[in-house]
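K.L.:
pasting a predicted model and its sequence here:
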Amino acid sequence: MAGHSHWASIKRKKGAVDAKRGKIFSKLAKAITSAARQGGGKPDMNLKLQYAIDAAKSENMPKDNIERAILKGTGELTGGTELYECLYEGYGPSGIAILIEILTDNKNRTASEIRKIFDKSGGNLGESGCVAWLFQKRGLITVQIDETSEEDLMTLVLDAGCEDLETVEEKYQIICDLKDLNGIKDVLRENDIKTESEIICWIPKNSIDLNEDNVKKVVSLMEAIENHDDVQNAYANFTIPEELLSKL
């Protein structure tokens, strides 16, 4: 939405969430280990692992770290623990909807800690299904704008299944159905267009514009959620006008 910032770009601008590279790498390694444990250690045979590795590479995670995480998942390297995937749903201030992807070795502990984060911020952790219907799971590919023109990029990706193309902060964002993600990646690769990141995420169907009275509460809640060690990703259906974002 022109003139507004979504949570993903807000994080980059504030630079406060996951500021330490070690925390980022730890979360990425857990995702890789979990994917390898579920589907094996070969990315070409395990789509989930392929996406986890792509996400790690987009954060410049060292190759050795990636390989160790895979070996832990396949059991070839000791030190891995049983990890459980969970999707938490809840409401924040102003009724915003929040989806949280979790990887944890203790579901009861994590649920209790996330619930406390919501309670302190005037929100509440809800039941399964309470807000998921407000989001769509989609593929999201980002490309630097100096790679190609928007018109040329649109021509390439539309035929490959692109649902939407936006320009956000000097980057193109290509949104697509999950089944078309690899096809679009192949088209870009064939045309020598480098991608910055290729991820699967939850995109809200509609967004709530925050105002000056609630913006700080919402951002503080999102930061607290994403700073939790077991949180892989958090998504919410709000936008912040640029004039308010500059005051944060």
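P.N.:
That came in fine, so what should we check first?
K.L.:
quick one, helices of the chain?
P.N.:
7-14, 21-39, 47-58, 63-74, 107-120, 150-158, 181-190, 215-227, 242-245 (DSSP state H).
K.L.:
so which of the ones you listed gets nearest residue 200?
P.N.:
helix 47-58 (5.7 Å; Cβ to Cβ). To be clear about C-beta, it is placed using only N, CA and C from the backbone, and glycine gets the same treatment.
K.L.:
mind putting the helices of the chain into CSV with distance to residue 85 and mean neighbour count?
P.N.:
Shown next, in CSV, are those (distance: least, Cβ to Cβ, whole Å; neighbours: other Cβ atoms under 10 Å):
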stretch, distance to residue 85, mean neighbour count
helix 7-14, 21, 17
helix 21-39, 7, 19
helix 47-58, 10, 20
helix 63-74, 13, 18
helix 107-120, 10, 15
helix 150-158, 30, 15
helix 181-190, 19, 17
helix 215-227, 17, 20
helix 242-245, 32, 14
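K.L.:
give the contact list for residue 191.
P.N.:
148, 156 (Cβ atoms under 8 Å, 6 or more residues apart in numbering).
K.L.:
roughly how far is stretch 126-137 from the heart of the chain?
P.N.:
On the basis of Cα atoms, centre = their mean, to the nearest Å, stretch 126-137 sits 16 Å off its chain's mean C-alpha point.
K.L.:
distance between the ends of that stretch?
P.N.:
Distance across stretch 126-137, first residue to last, is 19 Å (Cα to Cα, to the nearest Å).
K.L.:
and it, average pLDDT?
P.N.:
Regarding stretch 126-137, the rounded mean pLDDT is 94.
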